[in-house]
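Q: fold the following for me, if possible:
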Amino acid sequence: MEMIIDFPGGARVDAHFAGFVVPTDQPPAGGGEGSAPTPFLTFLSTIGTCAGIYVLGFCRQRGIPTEDIRLVQRMWADPYTGLVTQVQVTIELPEGFPAKYTDAVVRAAEQCAVKKTFEHPPAIQVDSVLGAGARA
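A: Coordinates of the predicted model:
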């Protein structure tokens, strides 16, 4: 898979892939307009949204309504480095949720590919190439 990252203006940096655009921006204090989440917050949001897809699939397979279910993601960071040290995702289930599935829905959410990637991070390589800007 390939993603194209470009700079549409200001402090915006957008990712393009599979016909989609994921916009990011910086807050005004960081030189942006705050028109979209920062790249880091977009990155962090993938934890909860990925877990949410697994919760949604779990409930759909069992005919369980999801309108009153929500996931709450909380993060804690090292005050010196600013790096996230802990992420907690809580699945809030409504009163009518079948009690026999409360543990199973957690196990489903734990299958999230983003969580598994955090547990086994890929090697990341950054390089550059000259002359790539002359595209037709």
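
Q: and the nearest residue to Ser45 once chain neighbours are set aside, what are its phi and psi?
A: Leaving aside its sequence neighbours, Ser45 sits nearest to Pro37 (Cβ to Cβ, 6 or more residues apart in numbering; 7.0 Å). C-beta coordinates here come from the backbone N, C-alpha and C atoms, glycine included. As for Pro37, its main-chain torsions (degrees, to the nearest 10) stand at phi -60, psi 160.

Q: give the contact list for Pro37.
A: Thr24, Asp25, Ser45 (Cβ atoms under 8 Å, 6 or more residues apart in numbering).

Q: for the lengthiest helix in the chain, which positions count as buried?
A: For the chain, the helix reaching the highest residue count under DSSP state H is reported as helix 39-62. By neighbour count with 16 or more other Cβ atoms under 10 Å, helix 39-62 contains the buried residues Pro39, Leu44, Ile47, Gly48, Cys50, Ala51, Gly52, Ile53, Tyr54, Val55, Phe58, Cys59.

Q: among those, which one sits closest to Gly30?
A: Pro39 (11.1 Å; Cβ to Cβ).

Q: just the pLDDT for the residue nearest in space to the middle of the chain.
A: The centroid of the chain falls nearest to Thr46 when counting by Cα atoms, centre = their mean (1.2 Å). Thr46 is assigned a pLDDT of 97 by the prediction.

Q: with adjacent residues omitted, what lies nearest to Met1?
A: Nearest residue to Met1 in three dimensions, chain neighbours excluded: Phe17, at 6.8 Å (Cβ to Cβ, 6+ apart).

Q: nearest residue to the residue nearest to the centre of the chain other than its sequence neighbours?
A: Nearest residue to Thr46, sequence neighbours excluded (Cβ to Cβ, 6+ apart): Val114, at 4.8 Å.

Q: again, but for Ser35
A: Ser35 sits nearest to Asp25 (Cβ to Cβ, 6+ apart), 4.6 Å away.

Q: contacting residues for that neighbour?
A: Residues near Asp25 by Cβ under 8 Å, 6+ apart: Gly10, Ala11, Arg12, Val13, Gly32, Glu33, Gly34, Ser35, Ala36, Pro37, Thr38.
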